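Visitor: Coordinates for the following, if possible.
(chains A and B)
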Amino acid sequence: MEVDPVALQKRSMFEWMRLLSNPRTSNRRRDYTSRSLHFQTLEDRLPLTTVVGNFDGVPGVETATITGNSVRITSQNSNLDLQFTIGNWNQVQQVDLDGQPGNELLFTNVRSINGVGLPATATVLTARTQDVHTYQVGSPNAMQIADLDGPTRV
Amino acid sequence: MLFTNVRSINGVGLPATATVLTARTQDVHTYQVGSPNAMQIADLDGQPGSEVLFTNVRSINGVGLPATATVLTIRTQDVHSYQVGSPNAMQIADLDGQPGSEVLFTNVRSINGVGLPATATVLTIRTQDVHSYQVGSPMRCRSQI
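Guide: Residues are numbered from 1 along each chain as shown, chains lettered A, B, ... in the order given. Take a look at the predicted model:
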C-alpha cells in the first residue's frame, strides 16, 4: 500500500486513533512501492511532541503541542490558542533566551554524518510576542546553550 | 546558543568554526577558531559572560606536541590564539585568586617512575598573559581546584 506522507500528516486525531488501534498499522510495517523500499515507523506517522511550560510570560503554564512542523500553544487559563509553522527540527527544548518573562521554544536540527556536521538551522519561537525566527547556523555537529555575552541569562 | 563543529582525526583537530546565535539581539556570528580537538566553556576573564576555549592538546607516547589555545570572547567578539608550549595535559582552575579562571598546561611525565623535567604554562585571559614555569621533575601533577 502506498501512503502519501502529506496526507498522513493532515489526518485528524480521530483518524490517528483509529489507525493506531489497528494492530496491522500500529506496528512498524513496510510499504513496498515500485521505486523504493520505504520503512514507515510510528514516529513518521505521528510526530507528536508535547512541551509544558510558561511560554507567554503570564503566570501559569501553557501546553505546546508539536505535530510535524506545526506548533500549537494552548492555555486553559487564559484561553490562549496560538498556532505556528516552523522548519525542520530534530530537537526541541524550552529555554529563556531573551531574559524576558516566559520561555522560548528552541527547535534545532543539528546532525552529523561520521562527525561531519550538516547545514543546520535554529528556530526560536517566542509565544509572548508571537514571533518565529529561523537562523542559519552553519554546519555544526554540537550545540550548547550558555551565557556568553553577559547581559542575558543564557 | 553555541554551535560548533569541532572534530578530529587521530587526535589531530580539523579547522573548526563556532557559530553563536543571540536570540535577544537576533544576531548570528561565525568565528574561525583554529583546528582544535577539544572545546569547553568557562569564565576566563572575570567579566560577565563565559568564554569558549578551544585547544588542541595532544601527545605521542606521553610527549606533548606544540599546542594552541584559542579563546573566543563573545562579549567583545574577539578570537585570540595563544601558544602554550608542548603540554600533554590541561586543566582549568582559579590559580591567582582574581576573577576568572586560568588555564594550566603541563607536560609532566615519567619513565620507570622517574619524573622528567617538566614545565607548567599558565594562560591568564584576564591579562592575556602566557607564562611558563620550570617545575622540576615531578612524577605527577596535582592541583587543588
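Visitor: Secondary structure element holding residue A:89?
Guide: Residue A:89 belongs to no helix or strand when assigned by DSSP states H and E.
Visitor: any idea how far it is from residue A:113?
Guide: Using Cβ to Cβ, to the nearest Å, residue A:89 is found at 18 Å from residue A:113. Placement of C-beta: from N, CA and C, glycine included.
Visitor: Is stretch A:119-127 positioned near chain B?
Guide: Yes - Stretch A:119-127 lies within reach of chain B by Cβ under 8 Å from any Cβ of the partner chain, at A:120, A:122, A:124.
Visitor: now, which of those residues sits nearest chain B?
Guide: residue A:124 (4.7 Å; Cβ to the nearest Cβ).
Visitor: and the next element down the chain from the strand or helix carrying that closest one?
Guide: For residue A:124, the enclosing helix or strand under DSSP H and E is strand A:121-126. Counting by DSSP H and E, the next helix or strand C-terminal to strand A:121-126 is strand A:131-136.
Visitor: need the contact list for the nearest residue to residue A:150 once chain neighbours are set aside.
Guide: Using Cβ to Cβ, 6 or more residues apart in numbering or on different chains and skipping the chain neighbours, the partner closest in space to residue A:150 is residue B:48 (3.0 Å). For residue B:48, the contacting residues are A:147, A:149-151, B:75, by Cβ atoms under 8 Å, 6 or more residues apart in numbering or on different chains.
Visitor: Which pLDDT value goes with residue B:48?
Guide: Looking at residue B:48, its pLDDT stands at 92.
Visitor: domain assignment for chain A?
Guide: Domain ranges of chain A: A:5-44, A:47-136, per automatic domain parsing.
Visitor: Please identify which residue in chain A comes closest to chain B.
Guide: Relative to chain B, the nearest point of chain A is residue A:150 (3.0 Å; Cβ to the nearest Cβ).
Visitor: ranges for the strands of chain A?
Guide: Remark: strands assigned in chain A by DSSP state E are A:29-32, A:37-40, A:48-53, A:62-67, A:70-75, A:80-85, A:91-95, A:104-108, A:112-113, A:116-117, A:121-126, A:131-136, A:142-144.
Visitor: Alpha carbons only: can I get the third one in CSV?
Guide: This points to strand A:48-53. Output in CSV follows, covering the C-alpha atoms of strand A:48-53 (Å, rounded to 0.1, in the frame of the first residue of the first chain):
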residue,chain,number,x,y,z
LEU,A,48,3.6,14.4,18.2
THR,A,49,5.5,16.1,21.0
THR,A,50,4.1,18.0,23.9
VAL,A,51,6.0,20.5,25.9
VAL,A,52,4.6,22.1,29.0
GLY,A,53,5.9,25.4,30.3
